[in-house]
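Compute the structure for the input listed below.
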Amino acid sequence: MRTSGIEFARLIPGAQIPADQPAPRVGAKKPPRSVQMFPAGKMAASRNQPSFLTQLLPRPLRRPNAVTWVRATAADSALVALDWLLLGAVLVPLRMLFPLVRAFQFDAGAPRSLLGIALLHAALIMLIGHTEGIYDTGRDLPEQSRILGKSIGFATIVLGLGYFLQGAGRATGVLMGCAGTLHFGALWTWRWQSEKHSQRADESAGNSRHVLIVGAGGTGRRLAAFFEAHPSDGRVVYGFLDDERQMGNGVIGRVADLARLARRGFVDEVLLAAPRDPEVVFQVLKEARRLRLDVQILPELFGCKVGEDAVERVGELPLISLHAEALPAAMLALKRLVDVAGALCTGIVLSPALLAIAALIRMDSPGPVLYRAQRAGRKGGLFRCYKFRTMVRGADSLKDKLRQKNERAGPIFKIAEDPRITRLGRFLRRYSLDELPQLWNVLKGEMSLVGPRPHPADDYAAYEIEHLSRLDVTPGMTGLWQVTARRDPSFSRGLELDREYIRTWSFGSDLRILAKTVVAVVRGSGQ
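The predicted structure is shown next:
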């Protein structure tokens, strides 16, 4: 089973995959959940961007563990505490305005302080909710709502009854009822917004799991229908592979096409839907292991049972895990934490320099301070990348006229003496100062401090199938290519280094690349 919803990329090793179909075009429409309507052989590039708050927070994990439980209970407890602080703040003016109303005469002194009540109430709600399984992953919003109502209701009744028996009076009961209602509204709203933002972020940032279903029969169709009806599951069906059925109606290839279609669709998982031929199972499993894809099988069990630790439930359908990639979830969470902290600290420390650079750009040449361009991010999703403007206004329109002077091999454009670069721009590029606004992209989660550099949308449109592997991870402000072969004109050499970074990634390698980047920037080795 998957160990984490935080996913690191799969690098497809081995020989190059034949590209007998055109590369996915930039700006393709986002694929709907319905597999029947998905355009075969194309990967969608997302136009929408996830919310800033969603990107700052760690991605929710798909399996229950200590990190998920602590984060969820801490958030719930904080909301309950804030509710009580709000009630306390409202009580003060109400008692002053209506001194004779008994409902507002709640005694806020010891031992019935609002702080004590808030802590006790939060603890009871969390305890009952945990017992009812509210923090187990996979529960939909209606089920969470039922558990929330039960947990808050029981906790409120128990706490209110306790204080009533101590002689607190009806005022405490009124206050407890208001608090319970407020808690339910706040906790339910938080869950609704979290689910909504999570789904939107998964779709726009390419964080949903793309799956290929082997077998377009009744079982496979039921599986696809479930994913369509339950987008919170996080899976998007790329299509069916079937050797017996005609192409079309969601069938996009044969089993032999697995490698090519998996790369084209940035597939994370292969699902075997009631396979009848053992040779097909062995073929898919062997190829998926080579491609480093998860494989699960939906078998005809004929009444047999397997261990629950090896089964994932998709509605009423059991998925048995045959192979799962080991993902360094803790290190990836640490990577994201370092990205956020590093971008914030660097932005604050360098804020005077950023303002000074902006002023110099204004004085040096006409045009905006920032240059905004579409770049290809993880899984081909497009995002708006920010840089300090280093070229003349309208530089993009002059690019096609200069392509015959391109000094790089492959789908990348670079010339040493680019006539579009301004005087100040050459200085900024030499010391990589033009990249500093991308700290905002890092905070939003569109980029990382370290990773393959994002290429412009027009370069991405010229990618071959084998080039797409560098888009398996979040792009970075700096990478192995930039500190190893920065002036090497070969795109294939850069691709090789990007694939090596993905294949051998570790948190320590990121730190080493960052250290080498600082040295390269100080030396002014940029172009």
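
Please count neighbours and contacts with C-alpha atoms only from this point.
Fine.

wait, doesn't Tyr501 sit right on Gln482?
No. No contact is recorded between Tyr501 and Gln482 when judged using C-alpha atoms under 8 Å, the distance being 11.6 Å.

okay, now the domains of the chain?
As given by automatic domain parsing, the domain ranges for the chain are 35-46+206-327, 66-202, 330-523.

Please convert these to TSV, extending it with mean pLDDT and mean neighbour count.
Conversion of the domains of the chain to TSV gives the following (pLDDT from 0 to 100; neighbours: other C-alpha atoms under 10 Å):
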stretch	mean pLDDT	mean neighbour count
domain 35-46+206-327	80	18
domain 66-202	68	16
domain 330-523	87	18
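
The helix or strand harbouring Gly149 packs against which elements?
Assigned by DSSP states H and E, Gly149 falls within helix 141-165. Packing partners of helix 141-165 (3 or more C-alpha pairs under 8 Å, 6 or more residues apart in numbering; DSSP states H and E): helix 114-132, helix 170-205.

how about 6 Å then?
Taking 3 or more C-alpha pairs under 6 Å, 6 or more residues apart in numbering; DSSP states H and E as contact, the helices and strands that helix 141-165 lies on are helix 114-132.

mind exporting the helix it packs on as CSV, just the C-alpha atoms?
Output for helix 114-132, consisting of C-alpha atoms alone and laid out as CSV, is shown next (Å, rounded to 0.1, in the frame of the first residue of the first chain):
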residue,chain,number,x,y,z
LEU,A,114,-13.1,30.0,30.0
LEU,A,115,-9.6,28.6,29.5
GLY,A,116,-10.2,25.6,31.6
ILE,A,117,-13.6,24.9,29.9
ALA,A,118,-12.1,25.4,26.5
LEU,A,119,-9.3,22.9,27.2
LEU,A,120,-11.6,20.3,28.7
HIS,A,121,-14.2,20.7,26.0
ALA,A,122,-11.6,20.3,23.3
ALA,A,123,-10.1,17.3,24.9
LEU,A,124,-13.5,15.6,25.2
ILE,A,125,-14.4,16.3,21.6
MET,A,126,-11.1,15.0,20.3
LEU,A,127,-11.3,11.9,22.5
ILE,A,128,-14.8,11.0,21.4
GLY,A,129,-14.0,11.9,17.8
HIS,A,130,-10.9,9.7,17.8
THR,A,131,-12.9,6.8,19.3
GLU,A,132,-15.5,7.2,16.5
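
That helix - contacts with which helices or strands?
For helix 114-132, the contact count by 3+ C-alpha pairs under 6 Å, 6+ apart identifies helix 66-97, helix 141-165 as packing neighbours.

which residue ranges form the helices in the stretch 201-350 of the chain?
Under the criterion DSSP state H, counting those that start in this stretch, the stretch 201-350 of the chain carries helices at the ranges 218-229, 258-264, 278-291, 329-349.

Among those, which comes closest to Leu182?
Evaluated with C-alpha to C-alpha, the helices of the stretch 201-350 of the chain place helix 218-229 nearest to Leu182, the distance being 31.2 Å.

give the contact list for Val251.
Val251 makes contacts with 239-241, as judged by C-alpha atoms under 6 Å, 6 or more residues apart in numbering.

can you tell me which of these lies nearest to Pro142?
Out of those, the member with the shortest distance to Pro142 (by C-alpha to C-alpha) is Gly239, at 29.8 Å.

gap between that closest one and Leu86?
Distance, Gly239 to Leu86, by C-alpha to C-alpha, to the nearest Å: 51 Å.

who touches Ala273 in this structure?
With contact set as C-alpha under 6 Å, 6+ apart, Ala273 has these partners: 214-215, 219-220, 298.

how about these in TSV, adding distance to Ala122?
Converted to TSV, the contacts of Ala273 look like this (distance: C-alpha to C-alpha, whole Å):
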residue	distance to Ala122
Val214	47
Gly215	49
Thr219	44
Gly220	44
Leu298	41
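
follow-up on the earlier one: can you put the helices of the stretch 201-350 of the chain in JSON lines and add distance to Phe413?
What follows is those, written out as JSON lines (distance: least, C-alpha to C-alpha, whole Å):
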{"stretch": "helix 218-229", "distance to Phe413": "40"}
{"stretch": "helix 258-264", "distance to Phe413": "23"}
{"stretch": "helix 278-291", "distance to Phe413": "30"}
{"stretch": "helix 329-349", "distance to Phe413": "28"}
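
So which of those helices is nearest Val450?
If you check each of the helices of the stretch 201-350 of the chain against Val450 by C-alpha to C-alpha, helix 329-349 wins as the nearest, at 8.6 Å.

Give the next helix or strand downstream of the closest one.
helix 351-364.

which strands and helices sit next to that next one?
On a contact count with 3+ C-alpha pairs under 6 Å, 6+ apart, helix 351-364 meets no helix or strand.

same thing but 8 Å
helix 423-430.

Stretch 422-438: end-to-end distance?
In terms of C-alpha to C-alpha, the two terminal residues of stretch 422-438 are separated by 20 Å.

Report the distance from it to the chain centre.
Centroid displacement of stretch 422-438 relative to its chain, using C-alpha atoms, centre = their mean, to the nearest Å, is 30 Å.

before we move on, what about stretch 371-387?
Distance, stretch centre to chain centre, for stretch 371-387: 15 Å (C-alpha atoms, centre = their mean).

One more: stretch 317-337?
The chain centroid and the centroid of stretch 317-337 are separated by 13 Å under C-alpha atoms, centre = their mean.

Show me the beta-bridge partners of Leu212.
Beta-bridge pairing for Leu212 (DSSP bridges): Gly239, Val270.

Just the strands from the stretch 351-500 of the chain, written as ranges.
Ranges of strands in the stretch 351-500 of the chain, per DSSP state E, counting those that start in this stretch, are 370-376, 382-388, 448-450, 476-478.

closest one to Asp510 among the ones you listed?
Taking C-alpha to C-alpha as the measure, the strands of the stretch 351-500 of the chain were each checked against Asp510, and strand 448-450 came out nearest at 6.1 Å.

Adjacent strands (with direction) for the closest one?
When pairs are called by DSSP bridges, strand 448-450 turns out to pair with strand 476-478 (parallel).

Name the nearest residue to Val251, sequence neighbours excluded.
Leaving aside its chain neighbours, Val251 sits nearest to Phe240 (4.5 Å; criterion: C-alpha to C-alpha, 6 or more residues apart in numbering).

Hmm, Ser145 and Arg191 touching each other?
No. When contacts are counted by C-alpha under 8 Å, Arg191 is not listed as touching Ser145 (9.0 Å).

anything in contact with each of the two?
Listed contacts common to Arg191 and Ser145 are nil; contacts here mean C-alpha atoms under 8 Å, 6 or more residues apart in numbering.

ok so, going back, shouldn't the residue nearest to Val251 be in contact with Gly253?
Yes. At 7.0 Å, Phe240 and Gly253 qualify as touching, with contact defined as C-alpha under 8 Å.
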